[in-house]
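Visitor: 3D model of this:
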Amino acid sequence: MKNQTSAASVPSSGFTGYQKFIVAMIAFLQFTVILDFMVLSPLGAQLMLELHITPAQFGIVLSVYALSAAISGLAAAGFADKFDRKHLLLVFYAGFFLGTLFCGIAPNYHYLLAARIITGIFGGVISSIGMAIVTDLFPLEMRGRVMGIAQMAFAASQVLGLPIGLVLATRFGWHAPFLMITVVCALVGLAIVFGMKPIREHIHLNLGRHPFRHLYETVLHKPYLRGFAATTLLSTGGFMLMPFGSAFAIHNMGLTLNDLPVLYTATGICSIAFGPLIGRLSDRIGRYAVFFWGSIITLLMVLIYTHQGITPLWLVIILNVLLFAGILSRMISSQAIISGVPEPRDRGAFMSINSSVQYGAGSISAAVAGLIVVQTPDGFIQHYDTLGYVVNVATIFTIVAMFYVNQQVMAKQASAAQP
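Guide: Model (predicted):
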């Protein structure tokens, strides 16, 4: 295909101009999707106060996004490899834009709940399409660097998105951050329309293959099940701790609403520096080695962080930076490992199902977290340490699960390299 850059044509020493554009585009896609999800966490204290809702109801607002994303990812899996990835991406990004806009004009809790469902339906598939594009255009040996750059979006959402969103929410109300995200979405959408080339090479591999059969075969394909299991365990931690992070920082650690932008900005700046370094390290010393040590850091920091009482801002920043260093190491390396699991003909379907598994596990985790955590009348968050124990148990199991997934990917790579 003349209009598509294959993985084999990517130089091993660096990216071409078009590959740089693709990585940047995926990073901005991730920025809007991650920010749309993450912005609710620091708004938790404000939303629970203004909408007169309980922690359990707030947990539902978060979980419905993940649940609808899980359902849509599964529904889209059978069709994911039958269309040009550019066209598929534009359709789902347009739906995500509208869902976020509806969040920005929602008048009450129930409308916000409905808007989050719409946003989740479309937003949940976007990341899987982006992952499929990465596996189409980059060899496994370069994906650590790609994931490292793409995950800078996670940090950028903290440095730029969350502080700006918090300032807007404080001055203009909680709707303002969502309206800000729609403006960024419009710009990214234009970049996709005019800058991205069609990606169709995978379509001929699935000619005559019924979408539902494709879904069925991908879901039950034994080599893929380990990847889905590892993703399930990976999703437990983030979806449990993050939703109540701002409320815990304010009511338990003694920070103020004005301290949160400083905290997220400092953490994000450090994370932006960590992302590319972790990606390069992952390609150099091994994806699983980075994942293992990132998990060890996460285990220690979760244990320390969730047991904090009144803590000065400078120490909270240090703890948060170390925690996110571990989390980013796990995210970048695990995505690079899992990207090597599917065969070329199944990449879109596998990534969609994997995204569905991620959000489904996250939905359940967020709902369970809302039931475990109790907020007293004065705002104090109880049982956050219990969430930490649950997250650490899941992390330990994930270390084991990811080891076997990595072994599978390495064996597959060695087999493909044989003449």
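Visitor: Gln57 is in contact with Val64, isn't it?
Guide: No - between Gln57 and Val64 there is no contact under CB atoms under 8 Å: 10.8 Å. (C-beta placed from N, C-alpha, C; glycine too.)
Visitor: just the CA atoms of the helix or strand of the chain with the lowest mean pLDDT, as PDB, please.
Guide: Least confident helix or strand, the chain: helix 152-156 with a mean of 72, by mean pLDDT, DSSP states H and E. Taking Å, rounded to 0.1, in the frame of the first residue of the first chain, the C-alpha atoms of helix 152-156 are listed here in PDB:
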ATOM      1  CA  MET A 152       3.500  12.000  28.000                       C
ATOM      2  CA  ALA A 153      -0.100  12.800  27.400                       C
ATOM      3  CA  PHE A 154      -0.800  11.400  30.800                       C
ATOM      4  CA  ALA A 155       1.600  13.700  32.400                       C
ATOM      5  CA  ALA A 156       0.600  16.700  30.200                       C
END
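Visitor: I'd like the numbering to begin with 883 instead of 1 from here.
Guide: Renumbered: residue one is now 883, and that last one reads helix 1034-1038.
Visitor: hmm, who's touching that helix?
Guide: 909-913, 916, 1149-1154, 1156-1158, 1206, 1210, 1213 (CB atoms under 8 Å, 6 or more residues apart in numbering).
Visitor: so of those residues, which ones are in strands?
Guide: Assigned to strands by DSSP state E, none of the contacts of helix 1034-1038 qualify.
Visitor: need the contact list for Arg998.
Guide: When contacts are counted by CB under 8 Å, 6+ apart, Arg998 is found next to Val943, Leu944, Val946, Tyr947, Ser950, Gly981, Cys985.
Visitor: output the contacting helices and strands for the helix or strand that contains Met1292.
Guide: Met1292 is located in helix 1266-1299, with elements delineated by DSSP states H and E. For helix 1266-1299, the elements it packs on are helix 1104-1123, helix 1169-1187, helix 1195-1220, helix 1229-1254, judged by 3 or more CB pairs under 8 Å, 6 or more residues apart in numbering; DSSP states H and E.
Visitor: between those, which one is nearest to Thr1138?
Guide: helix 1195-1220 (9.0 Å; CB to CB).
Visitor: what about His934, how many residues nearby?
Guide: The number of residues packed near His934 is 10, by other CB atoms under 10 Å.
Visitor: report the distance from the strand or helix carrying Ile953 to the chain centre.
Guide: Element membership for Ile953 (DSSP H and E) is helix 937-959. Centroid separation between helix 937-959 and its chain, computed with CA atoms, centre = their mean, to the nearest Å, is 13 Å.
Visitor: name the helices or strands packed onto that helix?
Guide: helix 926-932, helix 991-1019, helix 1093-1102, helix 1229-1254.
Visitor: could you export these as a markdown table, including mean pLDDT?
Guide: Putting these into a markdown table (pLDDT from 0 to 100) gives the following:
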| stretch | mean pLDDT |
| --- | --- |
| helix 926-932 | 74 |
| helix 991-1019 | 87 |
| helix 1093-1102 | 80 |
| helix 1229-1254 | 80 |
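Visitor: could I get the ones you listed as CSV with distance to Ile1081?
Guide: Listed next are these as CSV, based on distance: least, CB to CB, whole Å:
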stretch, distance to Ile1081
helix 926-932, 38
helix 991-1019, 6
helix 1093-1102, 18
helix 1229-1254, 10
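Visitor: of those helices, which is nearest Thr1114?
Guide: In terms of CB to CB, the element of the helices and strands packed on helix 937-959 nearest to Thr1114 is helix 1229-1254, at 4.5 Å.
Visitor: ok so, going back, deepest of the helices and strands packed on helix 937-959, which one?
Guide: Highest mean neighbour count among the helices and strands packed on helix 937-959 (mean count of other CB atoms under 10 Å): helix 1229-1254, with a mean of 25.
Visitor: next, the angle from that helix to helix 1195-1220.
Guide: Interaxial angle, helix 1229-1254 versus helix 1195-1220 (axes from the mean of the first three to the mean of the last three CA atoms, to 10 degrees): 140 degrees.
Visitor: next SSE downstream of helix 1229-1254?
Guide: Next in sequence after helix 1229-1254, counting helices and strands by DSSP H and E, comes strand 1256-1257.
Visitor: tell me what that following strand is packed against?
Guide: strand 1263-1264.
Visitor: what's in contact with the strand it packs on?
Guide: If you take CB under 8 Å, 6+ apart as the criterion, strand 1263-1264 is touched by Phe1126, Ala1129, Phe1130, His1133, Asn1134, Val1255, Val1256, Gln1257, Thr1258.
Visitor: so what's the gap between it and the chain middle?
Guide: With CA atoms, centre = their mean as the basis, strand 1263-1264 stands 26 Å off its chain's centre.
Visitor: partner strands of it, parallel or antiparallel?
Guide: Neighbouring strands of strand 1263-1264 in its sheet, by DSSP bridges, are strand 1256-1257 (antiparallel).
Visitor: higher neighbour count, Gln939 and Val946?
Guide: Regarding Gln939 and Val946, a neighbour count based on other CB under 10 Å identifies Val946 as having more, with 21 against 15.
Visitor: show me the shaky parts of the stretch 933-1082 of the chain.
Guide: For the stretch 933-1082 of the chain, the stretches flagged by pLDDT under 70 are 1036, 1039-1044.
Visitor: if we can go back for a sec, which parts of the helix holding Ile953 are buried?
Guide: Using 16 or more other CB atoms under 10 Å as the test for burial, helix 937-959 gives 937, 940-956, 958-959.
Visitor: do the same with stretch 1061-1079
Guide: Buried-residue list, stretch 1061-1079, by 16+ other CB under 10 Å: Met1062, Ile1063, Thr1064, Val1066, Cys1067, Val1070, Gly1071, Met1078, Lys1079.
Visitor: re earlier: which other helices and strands contact the very next helix or strand once past the helix holding Ile953?
Guide: Downstream of helix 937-959, the next assigned helix or strand under DSSP H and E is helix 967-987. Helices and strands touching helix 967-987, by 3+ CB pairs under 8 Å, 6+ apart, are helix 899-920, helix 991-1019, helix 1058-1077.
Visitor: check contacts around the residue lying closest to Gln1240 once chain neighbours are set aside.
Guide: Nearest non-adjacent residue to Gln1240, counting by CB to CB, 6 or more residues apart in numbering: Ser1117, 4.8 Å away. The contact partners of Ser1117, by CB under 8 Å, 6+ apart, come to Val1239, Gln1240, Tyr1241, Ala1243, Gly1244, Ser1247.
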